[in-house]
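Trainee: With the input below, show me the fold.
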Amino acid sequence: MAKAGPSGLNTRCAMNCPVFGQPSQLPENVLPTYEQIIKFCAWIRNVEKQPQMRIQFITFAKTCDRHGISDRSAAALASAVLNDIGVVTPEDSSQIVDRSKVRRERQKTRFTLRLQELNVNVIRVHRIYFDGDKDKTLAQET
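Mentor: Prediction:
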């Protein structure tokens with residue numbers, strides 16, 4: 001129940017749960033199932049999700065590695081450039097690049113480049129034959 005203040009006005013809002021309704025209506029309400037509650041929680045989580053920065057800086061990460069620029073300096077440079085071109089404004093600073101973003105992008109880029117290098121330099125050996133001697137092993141490539 002709402003409590004009346006000194007002036008006689010209600011000072012508390014009635015509690016209203018989006019799933020169960022108000023407590024006074026609880027006995028007459030049909031309660032939701034566990035599955036319905038889970039669906040509602042997932043829906044709320046998706047509705048309230050904040051947009052995340054998904055811009056990739058692959059070329060920027062390669063260039064910073066090539067010239068030996070630290071993560072902190074690279075983040076300052078990237079944020080300054082984004083500010084100059086109008087992506088970052090005083091009203092919307094959600095696109096600012098921090099050093100963690102630069103570090104993660106560098107790690108992803110290095111990993112991708114290593115995989116590409118391994119795929120190019122792989123010698124596919126299908127069969128290895130041993131003749132019993134302790135000399136060079138013969139391999140047949142197809």
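Trainee: How about the secondary structure of residue 88?
Mentor: Three-state call for residue 88 (DSSP: H, G, I helix; E, B strand; the rest coil): coil.
Trainee: elements contacting the lengthiest helix in the chain?
Mentor: Ranked by residue count, the top helix of the chain under DSSP state H comes out as helix 99-121. Applying 3 or more Cβ pairs under 8 Å, 6 or more residues apart in numbering; DSSP states H and E, one finds that helix 99-121 makes contact with helix 58-67, helix 71-84. In this view, the C-beta of every residue, glycine as well, is placed from N, C-alpha and C.
Trainee: Redo those as JSON lines? Include distance to residue 41, mean pLDDT and mean neighbour count.
Mentor: Formatted as JSON lines, those follow (distance: least, Cβ to Cβ, whole Å; pLDDT from 0 to 100; neighbours: other Cβ atoms under 10 Å):
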{"stretch": "helix 58-67", "distance to residue 41": "36", "mean pLDDT": "92", "mean neighbour count": "15"}
{"stretch": "helix 71-84", "distance to residue 41": "35", "mean pLDDT": "93", "mean neighbour count": "16"}
